[in-house]
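Undergrad: Any chance you could fold what I've pasted below:
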Amino acid sequence: MDSRIGQFEEKMNKSLDTLNDELSSIRAGRANPSILNKIKVDYYGTPSNLQSVANVSVPEARVIQIQPWESSLIKEIEKAIMQSDIGLTPNNDGKVIRLVFPELTEDRRKDLVKDVKKKGENAKVAIRNIRRDANDAFKKQNKANEISDDEYKSIEDQVQKLTDKYIADIDKAIEAKSKEVLTV
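TA: A predicted model of the protein is given here:
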């Protein structure tokens, strides 16, 4: 692989990482603590990640349990969860907060799969845009006689192979998440 392609590969990798982050936040009817990653709790005036102020565990398949390090944080955590877009209502018993995931209906599962595919398609578009940027950059270098025609063809082939690899990775991620969502 040509070293000049490294910056474009890095951008493609970031696109794949972004997709994986987005997919991890989609609820599939099973408790997944990663849906709490974006929730910030006001901890003595500082917005902090939920995981840094509480112990987050999954005692059952459809329950997330949040045990704050300090009991005074229960109200703050509840408020943060209610204001987030995860669509779950917290239950607390004074010591721990429980988030119970409802069983998903067949229609809801199909909607989630559509959402997964849409996010995947957006990631593919981002990868193709990076390919176009790479090809444009190397075409300019070729026109300015900075690289030869043979080098340009070789680099173009390498960029296409890289693009194909990342598109295949995206397809695998979409397929895995879709299967997870559709599994009852």
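Undergrad: Got phi/psi on V56?
TA: phi -110, psi 120 (degrees, to the nearest 10).
Undergrad: Name all residues that make contact with it.
TA: Each residue near V56 by Cβ atoms under 8 Å, 6 or more residues apart in numbering is listed here: 33, 36, 50, 64-66. For every residue, glycine as well, the C-beta is placed using N, CA and C.
Undergrad: Dig out what it forms beta bridges with.
TA: Beta-bridge pairing for V56 (DSSP bridges): I66.
Undergrad: Quick check: the gap between it and D107.
TA: 30 Å (Cβ to Cβ, to the nearest Å).
Undergrad: For the contacts of V56, which single residue is the most surrounded?
TA: I66 (26 neighbours; other Cβ atoms under 10 Å).
Undergrad: residue contacts, that one?
TA: 36, 50, 54-56, 77, 90, 96-99.
Undergrad: Now secondary structure too, for those residues, in JSON lines please.
TA: Below are the contacts of I66 laid out as JSON lines (DSSP: H, G, I helix; E, B strand; the rest coil):
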{"residue": "L36", "secondary structure": "helix"}
{"residue": "L50", "secondary structure": "helix"}
{"residue": "A54", "secondary structure": "strand"}
{"residue": "N55", "secondary structure": "strand"}
{"residue": "V56", "secondary structure": "strand"}
{"residue": "I77", "secondary structure": "helix"}
{"residue": "P90", "secondary structure": "strand"}
{"residue": "V96", "secondary structure": "coil"}
{"residue": "I97", "secondary structure": "strand"}
{"residue": "R98", "secondary structure": "strand"}
{"residue": "L99", "secondary structure": "strand"}
